[in-house]
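>>> The sequence and its predicted three-dimensional model are supplied below.
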Amino acid sequence: MDKMYDVIIIGAGPAGVSAALYAKRANKSVLVLYYGESQLEKAHKIDNYYGFEGGIGGKELYQNGINQAKAIGCEVINAEVLHIAMTATLSYEVKTADAVFEGKTLILATGNKKIRPNIEGVAEFEGKGVSYCAICDGFFYRKKTVAVLGNGDYALSEAGDLVNIVNKVYILTDSLPAPETDSYEVITKKIAAIRGEAKVNRVAFDDGSELEIDGLFVALGTAGGADFAKKLGVALDGDSIKTDEDMKTNIPSVFACGDVNGGLLQVSKAVCDGAKAGLSAVKYLKSLEN
């Protein structure tokens, strides 16, 4: 790490870019990290957003936002964020597969990416052996056997957080480019159900075999704002991040905006949230100067 950013924003949709624009125009150094397909990109046409008489395609609007952020001097990088941690100096260390970045403030604008697999027993055992956060809940499985369900770098990162805590880690996957390691065992069988009595105790596969486990950690797709919030100790309301009207979380230097906060899942709301988050981050940074 050779640079400290004033603001690091996770997410380049309407909320994240709006936050970036306001923070950058206040002469702050801004890094925007994004990865994967945005929900906005999936919208064929948007007819209810101000200023576009004939509507606009979601993919075009998304790219326009990224281009606008770059044009005013924001650093925008397409990279999957795997881990975020607070440092001893109360800044934020943000790790991707290839780099580590550090920022004085953090804005979560990833949308709500929690993916619950359509597997029998997963919803039933949430909080009873099924978890979505290795750092949060790994402690409860010391010297026990757990499995991580996932198919990418996020799943590998979660498994990495568990290997020094638990006795054994399995990764349940259909397509994981796993490096050679003795830290965990990869299983590619199709899962039929998650079984247990009061809590999870086994995974049943389609071929009739079973795997005894004490806990299952779900890490499908990429990490979302709620996943990072849990790791940082940011308060949640269900699957959404709790903020006040200025997009402040319970941690003074962390802000959240857009779909990750729940509520009206519309571009107009995300842009407004982003503006508030960007301004709140600037105000917090100014308070550090006094």
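Okay, I see it.
>>> just the helices in this structure please.
Assigned by DSSP state H, the chain shows helices spanning 14-25, 58-71, 134-137, 153-162, 225-232, 267-289.
>>> What helices and strands are in contact with the fifth one?
The reference is to helix 225-232. Packing partners of helix 225-232 (3 or more Cβ pairs under 8 Å, 6 or more residues apart in numbering; DSSP states H and E): strand 81-86, strand 100-108, helix 134-137, strand 236-237, strand 240-241, strand 254-256. To be clear about C-beta, it is placed using only N, CA and C from the backbone, and glycine gets the same treatment.
>>> Give me the contacts around that helix.
Under the criterion Cβ atoms under 8 Å, 6 or more residues apart in numbering, residues 10-11, 81, 83-86, 106, 108-114, 132-133, 135-136, 234-236, 239-241, 249, 251, 254, 256, 260 lie in contact with helix 225-232.
>>> State the distance from the most centrally placed residue in the chain to residue 133.
The centroid of the chain falls nearest to residue 224 when counting by Cα atoms, centre = their mean (2.1 Å). Residue 224 is 11 Å from residue 133, where distance means Cβ to Cβ, to the nearest Å.
>>> lowest-confidence stretch among the helices and strands packed on helix 225-232?
Ranked by mean pLDDT, the helices and strands packed on helix 225-232 bottom out at helix 134-137, with a mean of 79.
>>> That one: how far from the chain's middle?
For helix 134-137, the separation from the chain centroid amounts to 14 Å (computed by Cα atoms, centre = their mean, to the nearest Å).
>>> Pull out the buried positions in it.
Within helix 134-137, the residues that count as buried by 16 or more other Cβ atoms under 10 Å are 134-135, 137.
>>> ok, now stretch 33-45?
Going by neighbour count (16+ other Cβ under 10 Å), the buried part of stretch 33-45 is 33-35, 38-40, 43.
>>> Now it: average pLDDT?
The average pLDDT within stretch 33-45 is 81.
>>> and if you look at stretch 267-280?
Mean pLDDT, computed over stretch 267-280, is 96.
>>> switch to numbering from 3
Okay, using 3 as the starting number, the last item reads as stretch 269-282.
>>> Mind exporting the C-alpha coordinates of it to CSV?
Output of stretch 269-282 as CSV, limited to C-alpha atoms (Å, rounded to 0.1, in the frame of the first residue of the first chain):
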residue,chain,number,x,y,z
VAL,A,269,-32.3,4.6,-9.4
SER,A,270,-33.7,7.9,-8.1
LYS,A,271,-33.5,6.7,-4.5
ALA,A,272,-30.0,5.2,-5.0
VAL,A,273,-28.7,8.5,-6.5
CYS,A,274,-30.1,10.5,-3.5
ASP,A,275,-28.6,8.1,-1.0
GLY,A,276,-25.3,8.3,-2.7
ALA,A,277,-25.2,12.0,-2.6
LYS,A,278,-25.9,12.0,1.1
ALA,A,279,-23.3,9.3,1.7
GLY,A,280,-20.6,11.3,-0.2
LEU,A,281,-21.4,14.5,1.7
SER,A,282,-21.5,12.7,5.0
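>>> which parts of it are buried?
With burial defined by 16+ other Cβ under 10 Å, the residues of stretch 269-282 counted as buried are 269, 271-282.
>>> by contact count, what packs against the lowest-mean-pLDDT helix or strand in the chain?
Least confident element among the helices and strands of the chain, by mean pLDDT, DSSP states H and E: helix 136-139 (a mean of 79). Where contact means 3+ Cβ pairs under 8 Å, 6+ apart, helix 136-139 is packed against helix 155-164, strand 217-221, helix 227-234.
>>> Which one, of the ones you listed, ends up nearest to residue 247?
Closest to residue 247 of the helices and strands packed on helix 136-139, according to Cβ to Cβ: helix 227-234, at 18.1 Å.
>>> Next, the angle helix 16-27 makes with that closest one.
Helix 227-234 and helix 16-27 are oriented at 60 degrees to each other (axes from the mean of the first three to the mean of the last three Cα atoms, to 10 degrees).
>>> Now helix 227-234: average pLDDT?
For helix 227-234, mean pLDDT is 86.
>>> could you give the angle of that helix to strand 217-221?
130 degrees.
>>> buried ones in helix 227-234?
By 16+ other Cβ under 10 Å, the buried positions in helix 227-234 come out as 227-234.
>>> coming back round to it: rebuild the helices and strands packed on helix 136-139 as a markdown table, extending it with distance to residue 130.
Below are these laid out as a markdown table (distance: least, Cβ to Cβ, whole Å):
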| stretch | distance to residue 130 |
| --- | --- |
| helix 155-164 | 18 |
| strand 217-221 | 9 |
| helix 227-234 | 17 |
